[in-house]
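> give the three-dimensional model of this entry:
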Amino acid sequence: MNILGIPLQVTLTDLPTGNTPAETPPENITIYEDDITAVLWQRWSACYMLYDWNMLHADSAYASNKYTWIEQVCKRLEGTSINAGTLENTLTDTFNHILLESVEDFIQTHMKVWECDRLTVEFPVARVVSELFTVKPKEGRREPGAPGSPFHICQK
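Presented below is the predicted three-dimensional model:
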């Protein structure tokens with residue numbers, strides 16, 4: 001099996017028995033992205049944009065790094081046994097973990113360059129995410145200070 005031409009050297013377990021083509025593992029497989037990937041992509045892009053406020057550059061850099069991250073997925077899973085039924089989830093989870101490590105590397109780099117603590121970096125990252133991406137509040141939440149909210153401030 002391979003992903004974008006990168007060999008994925010794993011042993012699939014619990015394969016269905018039989019020799020029909022539909023039951024054999026595909027030669028070329030894909031890593032699917034999920035909601036967690038989307039959140040991590042937003043954070044990664046926000047970290048990038050703290051250096052270069054150009055979304056096209058951020059998207060291009062993300063796309064360029066994706067191949068390297070897929071290589072890391074294949075390397076990290078090399079030699080392991082994976083249940084065939086969970087292969088897709090395992091690939092996505094491993095990709096997300098590697099993407100999270102890249103976000104963490106960005107944050108650590110910002111902390112060193114800016115000579116500051118994590119919170120000093122996290123706040124601008126959150127600000128960039130809120131400026132660039134649709135952030136919707138959870139249902140049932142109220143604005144702070146609104147009547148009935150836990151943060152309602154009484155006025156005299």
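
> which stretches of this protein have low pLDDT?
Along the chain, the model assigns pLDDT under 70 to residues 17-26, 136-156.

> which residues touch the closest residue to residue 91 other than its chain neighbours?
Nearest residue to residue 91 in three dimensions, chain neighbours excluded: residue 31, at 4.6 Å (Cβ to Cβ, 6 or more residues apart in numbering). C-betas here are computed from N, CA, C, even on glycine. Residue 31 sits next to 3, 70, 73, 91-92, 95 when contact means Cβ atoms under 8 Å, 6 or more residues apart in numbering.

> neighbour count and secondary structure added to those residues, as TSV?
Listed next are those as TSV, based on neighbours: other Cβ atoms under 10 Å; DSSP: H, G, I helix; E, B strand; the rest coil:
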residue	neighbour count	secondary structure
3	18	strand
70	21	helix
73	24	helix
91	22	helix
92	18	helix
95	24	helix
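
> which one of these sits closest to residue 41?
residue 95 (10.9 Å; Cβ to Cβ).

> distance check, that closest one against residue 70.
7 Å (Cβ to Cβ, to the nearest Å).

> likewise for residue 50?
From residue 50 to residue 70 the distance is 25 Å (Cβ to Cβ).

> which other helices and strands contact the helix or strand where residue 123 lies?
Assigned by DSSP states H and E, residue 123 belongs to helix 118-132. Under the contact definition 3 or more Cβ pairs under 8 Å, 6 or more residues apart in numbering; DSSP states H and E, helix 118-132 sits against helix 35-49, helix 87-114.

> that helix to helix 87-114, inter-axis angle?
120 degrees (axes from the mean of the first three to the mean of the last three Cα atoms, to 10 degrees).

> show residues contacting helix 118-132.
42-43, 45-47, 49-50, 55, 107, 110-111, 114, 135.

> surely residue 78 and residue 11 touch.
No - taking contacts as Cβ atoms under 8 Å, residue 78 lies outside contact range of residue 11: 10.6 Å.
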